[in-house]
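# Sharing a model that was predicted from the sequence below.
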Amino acid sequence: MNGIESKVAEPQTEELALVEAARSGDVGAFEQLIKRYDRNVFRIAQHITQNREDAEDVVQDAFIKAYRNLAQFQGNSKFYTWLVRIAVNEALMKLRRRKTAKTVSLDEDVTTDEGSMPREVADWSPNPEQLYDQSELGEILQKTIQALPESFRTVFVLRDIEGMSTEETAEMLNLSVPAVKSRLLRARLQLRERLNRYFKKPKRNGAKPQ
Amino acid sequence: MKCKDFLKELNEYLDGQIDVQLKTELEEHLQWCHDCYVVCNTTRKTIEIYHDNDVYPLPEPIRERLHQAIVTKCKAKSEHQG
């Protein structure tokens, strides 16, 4: 399918030149990198932490940390991937800090077999997103993804929203490739199931006047 | 192929990461199994909708404030290093 591709398409050499310049102290060059990726970092952070303030902090902390550690960046991975890894760690730390008071563990064991069979199979309207205006749609999508367990949500965001590969996602989250695949499948199916009620085709002859 | 087997391969099918033979088998299943056809299409649509709609846009004024804060700290670091 063509719909899923990275939101970030960058000419690699130009970017490496920016990274090089930033490494030698050119803050202006680093600012170019900030402008390029701040929206992605914010989106990932907000999805993980589900807290606006935390997400803003993550953007700041991740970029500052990246700048301070540019010497450690190896040109063999993309700068974006490297940056996202820093951002994901920062976001997960924020989340853990907030969750310490609660009993829910981030590493709660996620069983892989149950819960992935679709319960409701209903076809959707041809252009379901057009059933709602932009802000309504935004609310629906936000509410729906927020309801996913954190471990599914993060995998979905990195893989399907940010366009990371399964291997990159596994590495960033310290998960095995099969674990990423299984969480991704469950995330996708659960989101689908939850979106049914907003997007399903109205039954034309189903509702007869009583 | 059973629906359960189809679902197991759904990720790879949607991502286009399967070999030709398995793809043919999955598509055969889709031809007669309406439920899997619907699940497959609506799951694909789910991914597209989330990919195409930014649920958390970053407002410009906040963006600028963040940039300034980051750049100030980076400059401080550069000067410190001399």
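Looks like it came in fine.
# mind checking how far the residue nearest the centre of chain A is from residue A:48?
For chain A, the residue lying nearest the average C-alpha position, counting by C-alpha atoms, centre = their mean, turns out to be residue A:157 (2.0 Å). Using C-beta to C-beta, to the nearest Å, one obtains 7 Å as the distance from residue A:157 to residue A:48. For glycine as for every other residue, the C-beta is placed from the backbone atoms N, C-alpha and C.
# Can you name the secondary structure element that comes next after the least confident helix or strand in chain A by mean pLDDT?
Least confident element among the helices and strands of chain A, by mean pLDDT, DSSP states H and E: helix A:12-23 (a mean of 90). Of the helices and strands lying after helix A:12-23 in sequence (DSSP states H and E), the nearest is helix A:27-49.
# Can you spell out the domain ranges of chain A, please?
Per automatic domain parsing, the structural domains of chain A span A:12-99, A:128-199.
# can the ones you listed go into CSV with extra columns for distance to residue B:76?
What follows is the domains of chain A, written out as CSV (distance: least, C-beta to C-beta, whole Å):
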stretch, distance to residue B:76
domain A:12-99, 10
domain A:128-199, 29
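# Kindly reformat the ones you listed as CSV containing distance to chain B.
CSV is the format used below for those (distance: least, C-beta to the nearest C-beta, whole Å):
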stretch, distance to chain B
domain A:12-99, 4
domain A:128-199, 5
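# How about residue 57: what's its closest non-neighbour residue?
The chain I'm using is chain A. Nearest non-adjacent residue to residue A:57, counting by C-beta to C-beta, 6 or more residues apart in numbering or on different chains: residue A:94, 6.8 Å away.
# could you do chain B instead?
Taking C-beta to C-beta, 6+ apart, and ignoring the residues beside it in sequence, residue B:57 has residue A:39 as its nearest neighbour in space, at 7.4 Å.
# now the lengthiest helix in chain B: mean pLDDT?
Residue-count comparison of every helix in chain B, with assignments taken from DSSP state H, identifies helix B:60-81 as the longest. If you average the pLDDT over helix B:60-81, you get 88.
# same thing with stretch A:162-171?
Per-residue pLDDT values over stretch A:162-171 give a mean of 94.
# gap between that stretch and the chain center?
In terms of C-alpha atoms, centre = their mean, to the nearest Å, the gap separating the centre of stretch A:162-171 from the centre of its chain is 10 Å.
# Next, the distance between the ends of it.
Terminal residues of stretch A:162-171 are spaced 15 Å apart (C-alpha to C-alpha, to the nearest Å).
# List the buried residues for it?
Residues A:162-164, A:166, A:168-171 are the ones in stretch A:162-171 that count as buried (16 or more other C-beta atoms under 10 Å in any protein chain shown).
# go on, stretch A:23-37?
Buried residues in stretch A:23-37, counted by 16+ other C-beta under 10 Å: A:25, A:27, A:29-34, A:36-37.
# Include pLDDT when you put the residues you listed into JSON lines, please.
Conversion of the buried residues of stretch A:23-37 to JSON lines gives the following (pLDDT from 0 to 100):
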{"residue": "A:25", "pLDDT": "91"}
{"residue": "A:27", "pLDDT": "94"}
{"residue": "A:29", "pLDDT": "96"}
{"residue": "A:30", "pLDDT": "96"}
{"residue": "A:31", "pLDDT": "96"}
{"residue": "A:32", "pLDDT": "96"}
{"residue": "A:33", "pLDDT": "96"}
{"residue": "A:34", "pLDDT": "97"}
{"residue": "A:36", "pLDDT": "96"}
{"residue": "A:37", "pLDDT": "96"}
